[in-house]
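S.K.: Whatever this is, show me its structure:
(2 chains)
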Amino acid sequence: MASIIQVRALRKEFRVHERPPGMRAAFASMFRRAHKTVVAVDGIQLDIQAGERVGFLGPNGAGKTTTLKILSGLLHPTSGEVTVDGHEPRRREDAFLKKIMLVLGQKQQLLWDLPPSETFELNRAVYDVPRGQYDATMRELTDLLELGDLVRRPTRTLSLGERMKCELVAALVHGPRVLFLDEPTIGLDVSMQATVRDFVKRYNERHGATLLLTSHYMEDVAQLCPRVVVIDHGAILYDGSLGELVSSTRPDKRIVLRFSRPVPESDLVSLASLVTVVRHGAGESVLQVPKDAVNGVVGRALAQLPVSDLTVQNPPLEEVMSELFARARARRADTEAP
Amino acid sequence: MSLRSTARAFPTLLRVGFAGAVAYRAEMFVWVLATTMPLVMLALWTAVAREGAGGVIGRYGQSGFTAYFLGAFIVRQLTGCWAYYEMNFEIRQGTLGMRLLRPVHPLAAYTVENVAAVPMRALVSLPVAIVAVAVLEPHAMTHDPMQWALWFASVLGAWALTLLVNLAVGCSAFFIEQSLKVMDLWLVLYFVLSGYTIPLDLFSPRVRAAVDWLPFRYQLGFSVDVMTGAIDHAQAAALLGRQWGWVVAMAGLTAFLWRRGLARFAAYGG
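M.R.: The predicted model follows:
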């Protein structure tokens, strides 16, 4: 099956002006400007199938948002080939723009002083959505997100969460087949994050839309994306399933123990030679254990300690990512060392 | 980005643009006040004429100045534009990206937003101007239907030229960090060379001849001269040709800057 998104040797460079701080440097920069070339995306390859939900992960400045902006036609690549459902995004043909949408958590398309319903109506007109289809879509989306009357209040009077829900509706009025989401849950409280995640997942399942998501909230990625692409310094570090990423980067498990009475830390260390105590408190401790030692440690803990509750978990995704990036940094340092 | 889809969305764009203009009604009122310079100049120049030798300066007496500056006020209200400011902001902040995602050309969207604001500005300013003309100087404006037809074409040209200057300056934000300063420079020249503060008749013939080849007169003074009957049909038609020549040239420049600029657009932020 042909990929809906194909990226080949994509590279994007920015030429940025830089100068040291201070008046002298400011004055000097009037006559002579120093520029440097920053490589934001460095030769990435990517294939995404129709209907996939893919998490695009990386630290700040890794090139995630730049890639999404190239895929949605906002930025022109320096070199390489990009196609989205057969279109070259930089050409921004009507047919392409009607198939995609980019939602930027830190930018809004809602008209600030008008109610969101005006933006929805504007999008209906510019995307040429038939009235019947528009009404049905609006009913579906406003029900799913429980928008009620807030679509008739000026956007400026809405809370951040309410605005983001309306942003999603505005983005989906034309039923895009490919949805690029850049930090859609940024700044939202936990409950609203869950609402947005649930909504996005349902949209994907109902309409078979392809989803490419960036987020610094690992929960977004864990809940939504069976596949993750990890990018750092503009290059892809990993492309595969989330489970495989976790087990290959951190092949250990976390055992969370709750006790009926306080237990000294030395009792935990004595459970096995490779146990690391991650956290130890009066009523709860967290141990890090190699995967193949989990059964033994669990058995000994239940037999020797006053355990009232026990769970085995993967290491937090944040830690997995930190470790992955730390290894990449170390590799780069080795490569660059004289 | 097809013209067809833009045309199809035009009524909704216009309606939403009008709703936006109404939402910003306080800002709109302040903007109208800010463009009342011709009324200030009217008071100034009529006072000068009153105190001057024979009550006449150049070909303008008190009633001539009244007609001229009321005409300037009307043309200014109909052709005013601030798209450059919005473009500068959106390019620098990266929010232009949200416009680029829609299948309507952003320059068309800026144009429609400008058109949508005209009724609101006309609602505030034109009744004042029309009553003033009818009561104060009923014979100061032309009564020739052909001259009014030429006036309509000239105001359309003045609006298009002013809009395109705004769009071209707005596009300069793709290339330079302080594109607002470009408009500051343009406005300095516009204030002096368009007839906005000084009727161009009062310049020396040599300066006047040079001004006829520059774009500024065609943004305002030309339409006022047609309106007040200061130039005949033949002169108006010839100047109309130059005005629309500038419109075409500015459209070409805007298209060039847009295409080149878009390739440099960094869509910062977010």
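S.K.: any idea which helix or strand carries the residue in the stretch 101-250 of chain A that chain B sits nearest to?
M.R.: Nearest to chain B, among the residues of the stretch 101-250 of chain A, is A:Ala125, at 3.4 Å (C-beta to the nearest C-beta). C-beta: built from backbone N, CA, C; applies to glycine. For A:Ala125, the host element (DSSP states H and E) is helix A:116-126.
S.K.: just A:Thr37 next, same as before
M.R.: Short version, using DSSP H and E: A:Thr37 is in strand A:35-48.
S.K.: Just to be sure, B:Ile176 is in a strand?
M.R.: No: assigned with DSSP: H, G, I helix; E, B strand; the rest coil, B:Ile176 falls outside any strand and is coil.
S.K.: What ranges does the stretch 151-300 of chain A have for its helices?
M.R.: A:160-172, A:190-207, A:218-224, A:242-249, A:265-269, A:294-304 (DSSP state H, counting those that start in this stretch).
S.K.: Out of the ones you listed, which is closest to B:Val75?
M.R.: helix A:160-172 (38.0 Å; C-beta to C-beta).
S.K.: Next, the buried residues of the closest one.
M.R.: Buried positions in helix A:160-172, judged by neighbour count with 16 or more other C-beta atoms under 10 Å in any protein chain shown: A:161-172.
S.K.: residue contacts, the most centrally placed residue in chain B?
M.R.: Centroid check for chain B by C-alpha atoms, centre = their mean gives B:Thr79 as the closest residue, at 3.4 Å. Contact partners of B:Thr79, counting by C-beta atoms under 8 Å, 6 or more residues apart in numbering or on different chains, are B:155, B:158-159, B:162, B:219-220, B:223.
S.K.: Please identify which of those is nearest to B:Gly170.
M.R.: Distances from B:Gly170 to the contacts of B:Thr79, taken by C-beta to C-beta, are shortest for B:Thr162, at 12.4 Å.
S.K.: tell me which element that closest one falls in.
M.R.: Judged by DSSP H and E, B:Thr162 forms part of helix B:145-171.
S.K.: and the gap between whichever residue of the stretch 1-150 of chain B sits closest to chain A and B:Met41?
M.R.: Relative to chain A, the nearest point of the stretch 1-150 of chain B is B:Thr12 (3.4 Å; C-beta to the nearest C-beta). Remark: distance between B:Thr12 and B:Met41 (C-beta to C-beta, to the nearest Å) = 39 Å.
S.K.: before we move on, the earlier item: show residues contacting the helix holding A:Ala125.
M.R.: Contacts of helix A:116-126 (C-beta under 8 Å, 6+ apart): A:109-111, A:129, A:131, A:134, A:138, A:150-152, A:155, A:158, A:166, A:169-170, A:173-174, B:5, B:8-9, B:11-13, B:16, B:19, B:102-104.
S.K.: any idea how far that helix is from the chain center?
M.R.: With C-alpha atoms, centre = their mean, to the nearest Å as the basis, helix A:116-126 stands 27 Å off its chain's centre.
S.K.: and it, C-alpha only, in CSV?
M.R.: In CSV, the C-alpha atoms belonging to helix A:116-126 read as follows (Å, rounded to 0.1, in the frame of the first residue of the first chain):
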residue,chain,number,x,y,z
PRO,A,116,-16.0,30.7,17.2
SER,A,117,-19.2,30.0,15.2
GLU,A,118,-18.0,32.8,12.8
THR,A,119,-14.7,31.1,12.3
PHE,A,120,-16.6,27.8,11.6
GLU,A,121,-18.8,29.5,9.1
LEU,A,122,-15.8,31.2,7.5
ASN,A,123,-14.1,27.8,7.1
ARG,A,124,-17.2,26.3,5.7
ALA,A,125,-17.2,28.9,3.0
VAL,A,126,-13.5,28.8,2.2
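S.K.: where along the stretch 151-270 of chain B do the strands fall?
M.R.: Ranges of strands in the stretch 151-270 of chain B, per DSSP state E, counting those that start in this stretch: none exist.
S.K.: So which residues of it form helices?
M.R.: B:179-193, B:205-211, B:221-227, B:233-264.
S.K.: so the last one versus helix B:145-171, what angle?
M.R.: It refers to helix B:233-264. Helix B:233-264 runs at 20 degrees relative to helix B:145-171, counting by axes from the mean of the first three to the mean of the last three C-alpha atoms, to 10 degrees.
S.K.: related to what we said a few turns ago, deepest in the core, which of the helices of the stretch 151-270 of chain B is it.
M.R.: helix B:221-227 (a mean of 28; mean count of other C-beta atoms under 10 Å in any protein chain shown).
S.K.: neighbouring contacts of that helix?
M.R.: Counting by C-beta under 8 Å, 6+ apart, B:68, B:71-72, B:74-75, B:79, B:141-142, B:147, B:150-151, B:154-155, B:158, B:194-196, B:199-200, B:230-231, B:236, B:239, B:243 sit against helix B:221-227.
S.K.: So in terms of bridging, what pairs with A:Ala277?
M.R.: Careful, residue A:277 is Val and not Ala. Beta bridges link A:Val277 to A:Leu287, judged by DSSP bridges.
S.K.: close enough to count as contact, it and A:Glu265?
M.R.: Yes: the pair A:Val277 and A:Glu265 passes the contact test of C-beta atoms under 8 Å, sitting 6.0 Å apart.
S.K.: Name the SS class of the closest residue in space to A:Ser72 that isn't next to it in sequence, please.
M.R.: Leaving aside its chain neighbours, A:Ser72 sits nearest to A:Leu102 (4.1 Å; criterion: C-beta to C-beta, 6 or more residues apart in numbering or on different chains). State at A:Leu102, reduced to three classes by three-state DSSP: strand.
S.K.: cool, A:Leu110 as well?
M.R.: Strictly by three-state DSSP, A:Leu110 counts as coil.
S.K.: quick one: contacts for it?
M.R.: A:116, A:119, A:155, A:163, A:166-167, A:170.
S.K.: Could you check how far it is from B:Gly229?
M.R.: 49 Å.
S.K.: Can you tell me, leaving aside adjacent residues, what's nearest to B:Met146?
M.R.: Nearest one to B:Met146, counting by C-beta to C-beta, 6+ apart, is B:His233 at 6.0 Å.
S.K.: Give me the helix or strand of the chain that scores worst on average pLDDT.
M.R.: Just so you know, I chose chain A. Least confident element among the helices and strands of chain A, by mean pLDDT, DSSP states H and E: helix A:23-31 (a mean of 74).
S.K.: nope, chain B please
M.R.: Lowest by mean pLDDT, DSSP H and E among the helices and strands of chain B is helix B:25-34, with a mean of 70.
S.K.: what's downstream of that helix, the next helix or strand?
M.R.: Assigned by DSSP H and E, the successor of helix B:25-34 is helix B:37-51.
S.K.: So for that following helix, what gets flagged as buried?
M.R.: Buried-residue list, helix B:37-51, by 16+ other C-beta under 10 Å: B:38-39, B:41-42, B:45-46, B:49.
S.K.: Of the residues you listed, which is the nearest to B:Leu262?
M.R.: Looking across these and measuring by C-beta to C-beta, the closest to B:Leu262 is B:Pro38, at 36.9 Å.
S.K.: Kindly reformat the contacts of A:Leu110 as CSV containing pLDDT.
M.R.: Shown next, in CSV, are the contacts of A:Leu110 (pLDDT from 0 to 100):
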residue, pLDDT
A:Pro116, 92
A:Thr119, 92
A:Thr155, 91
A:Arg163, 89
A:Cys166, 91
A:Glu167, 89
A:Ala170, 92
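S.K.: any idea of the mean pLDDT in stretch A:322-338?
M.R.: Confidence for stretch A:322-338, expressed as mean pLDDT, is 81.
S.K.: ok, and what's touching that stretch?
M.R.: Contacts for stretch A:322-338 (C-beta under 8 Å, 6+ apart): A:59, A:230, A:232-233, A:237-238, A:245, A:249-250.
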